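Peer 1: pasted the sequence and its predicted model underneath.
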Amino acid sequence: MDDRTPLHDFTWTALRIVAGVTIFTGGTAKLFGWFGGFGDAGTAELMSRFGIAGALETVCGALIVIGLFTRPAAFLLSGMLAVAYFWIHAWGSSLWWWDNRGRTVMVYSFVFLFFAVWGAGPYSLDARRSGTDFKA
């Protein structure tokens, strides 16, 4: 039984766009120094772990905002964020998010895991490509 409502579809879309925009801005901060820059140099070197993360965040974040290839893009981001949690936040620190300052990374990893499993939703280019767009 399908009990979706227009509000369900709107919030699904809003979460996708907000998550995509915020991860996109993080990526462009790392790569181009936009939105406050990244670190002392303002940008990360492309072939560093932060540069690769920035490239993934920029490309996959943009795809998620428009809802195109959402499942693979979200899967890549979810995995990258899980690696970041353990490599950056938990490594040499605590496994627990309240000790290692990794709560935002952890939440975003699960948000993108949601989109990897559930897809972009009805208001997306993925839905338009499959012929199921804009149905409540």
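Peer 2: Nice, I can see it. Residues are numbered from 1 along each chain as shown.

Peer 1: would you check how far apart Ala55 and Gly26 are?
Peer 2: Distance of Ala55 to Gly26, given as C-beta to C-beta, to the nearest Å: 12 Å. In this view, the C-beta of every residue, glycine as well, is placed from N, C-alpha and C.

Peer 1: quick one, which of the two is more surrounded?
Peer 2: Taking other C-beta atoms under 10 Å, Ala55 and Gly26 do not tie; Gly26 has more neighbours (20 against 16).

Peer 1: is that one in contact with Glu57, as I believe?
Peer 2: Yes. Contact criterion C-beta atoms under 8 Å: Gly26 and Glu57 qualify, at 5.2 Å.

Peer 1: for stretch 112-124, give the mean pLDDT please.
Peer 2: Average pLDDT, stretch 112-124: 94.

Peer 1: can you show me the CA trace of that stretch as PDB?
Peer 2: Provided in PDB are the C-alpha atoms of stretch 112-124 (Å, rounded to 0.1, in the frame of the first residue of the first chain):
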ATOM      1  CA  PHE A 112      23.600   9.500   1.900                       C
ATOM      2  CA  LEU A 113      23.100   5.800   2.600                       C
ATOM      3  CA  PHE A 114      19.300   6.500   2.700                       C
ATOM      4  CA  PHE A 115      19.500   8.000  -0.800                       C
ATOM      5  CA  ALA A 116      21.700   5.200  -2.000                       C
ATOM      6  CA  VAL A 117      18.900   2.700  -1.000                       C
ATOM      7  CA  TRP A 118      15.700   4.800  -1.600                       C
ATOM      8  CA  GLY A 119      16.900   6.900  -4.500                       C
ATOM      9  CA  ALA A 120      16.300  10.600  -5.300                       C
ATOM     10  CA  GLY A 121      12.500  10.700  -4.900                       C
ATOM     11  CA  PRO A 122       9.800  11.800  -7.300                       C
ATOM     12  CA  TYR A 123      11.100  15.300  -8.000                       C
ATOM     13  CA  SER A 124      14.400  14.500  -9.600                       C
END
